[in-house]
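Peer 1: Need a 3D model of the following:
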Amino acid sequence: MQKPVALCVPSQNGLMVEPPHRHSATVRRERSTGMPAMRISMDGRLHKIRAELAWEYDPADPMFAWRVHGGGLDAELVPFHVKVSRTNLGVIAARTDQAFGRWSGTFDTDDGERLTFDGLDGWAEDVHNRW
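Peer 2: The predicted model follows:
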């Protein structure tokens, strides 16, 4: 007999009638993410990031700068606010670090042009859900 799935579950889209999303990420000082459609938009042009990004931040001190590099991008987020949430119910657990701050850095386009940005308001997050 199959276990029933609740009809209304929390998801990235709010409370929806769908099976639960299963996410997995590991927290390390450095980690990579293989997002298939990473892009950067500057001055009305969309540029594809063609390589994995390495994320560096200190989970013990998420107010310290977050650094992202790879695929022509070299950026740093200096947080002005961090939201940390933790839930651990044994087999169900969730951990989220969200940093809100200002991005600065450079991006090298496929055309060889170096784009520079500084003081852009934005955010980054590290999320781990287990259920």
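
Peer 1: Please name the bridge partners of His128.
Peer 2: Note on His128: beta-bridge partners Arg95, judged by DSSP bridges.

Peer 1: ok, it touching Thr87?
Peer 2: No. Counting by Cβ atoms under 8 Å, His128 sits too far from Thr87 to count as a contact (10.7 Å). (C-beta placed from N, C-alpha, C; glycine too.)

Peer 1: which of the two has more neighbours?
Peer 2: Neighbour count, other Cβ atoms under 10 Å: between His128 and Thr87, His128 has more, with 15 against 11.

Peer 1: Model confidence at the more buried one, what's the number?
Peer 2: Looking at His128, its pLDDT is 85.

Peer 1: could you measure Ile40 against Ala99, distance?
Peer 2: Distance check for Ile40 against Ala99: by Cβ to Cβ, to the nearest Å, it reads 18 Å.

Peer 1: mind checking the SS state of the nearest residue in space to Phe64 that is not next to it in sequence?
Peer 2: Take Phe64 and drop its neighbours on the chain: the residue closest to it by Cβ to Cβ, 6 or more residues apart in numbering is Asp58, 4.9 Å away. Three-state call for Asp58 (DSSP: H, G, I helix; E, B strand; the rest coil): coil.

Peer 1: Sweet, I'm off.
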